[in-house]
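my questions concern the predicted model and sequence given below.
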Amino acid sequence: MNDANKSVSKDNASNAEMKSSLIINKTIGDNLRNFRITQKLSQEALASQLGISVFRLRRYELGRHTIPYDVFYRVCEFFKVSIEDFSTLPAGTDE
């Protein structure tokens with residue numbers, strides 16, 4: 001394999017990892033939002049409970065940031081759910 005092919009192969013793998021990460025963040029964010037809405041909580045109330053800013057919570061719900069483990073743990077504790085509950089696609093999605 002020549003250097004150009006190696007570079008393209010490496011770029012494809014990197015793009016696949018990035019896409020996978022975006023899908024995971026979006027899935028977790030969608031589930032976070034669904035849990036929050038089910039509990040009839042505002043973003044402000046949940047952010048306060050978690051000790052994070054509303055801006056940060058919005059970014060997590062939109063899948064634009066990866067939730068750090070310590071915050072993710074607090075979310076699971078707050079909603080009394082497991083990490084696995086966040087890894088499933090919300091009902092009604094076809095992905």
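Yep, that arrived. Note that the structure is predicted; figures quoted are calculated from it, not measured.

the nearest residue to Ile52 once chain neighbours are set aside: how many residues sit nearby?
Closest residue to Ile52 apart from its sequence neighbours, by C-beta to C-beta, 6 or more residues apart in numbering: Val71 at 6.2 Å. (C-beta placed from N, C-alpha, C; glycine too.) As a burial measure, Val71 scores 17 neighbours (other C-beta atoms under 10 Å).

helix, strand or coil: sort out Val71 for me.
Under DSSP: H, G, I helix; E, B strand; the rest coil, Val71 falls in the helix class.

so it touches Leu50, yeah?
Yes - counting by C-beta atoms under 8 Å, Leu50 is a contact partner of Val71 at 6.2 Å.

show the contacting residues for the residue nearest to Ile52.
By C-beta atoms under 8 Å, 6 or more residues apart in numbering, the residues touching Val71 are Leu50, Ile52, Tyr60.

so which of the residues you listed wins on neighbours?
Tyr60 (23 neighbours).

before we move on, the earlier item: which of the contacts of Val71 fall within helices?
Leu50, Tyr60 (DSSP state H).
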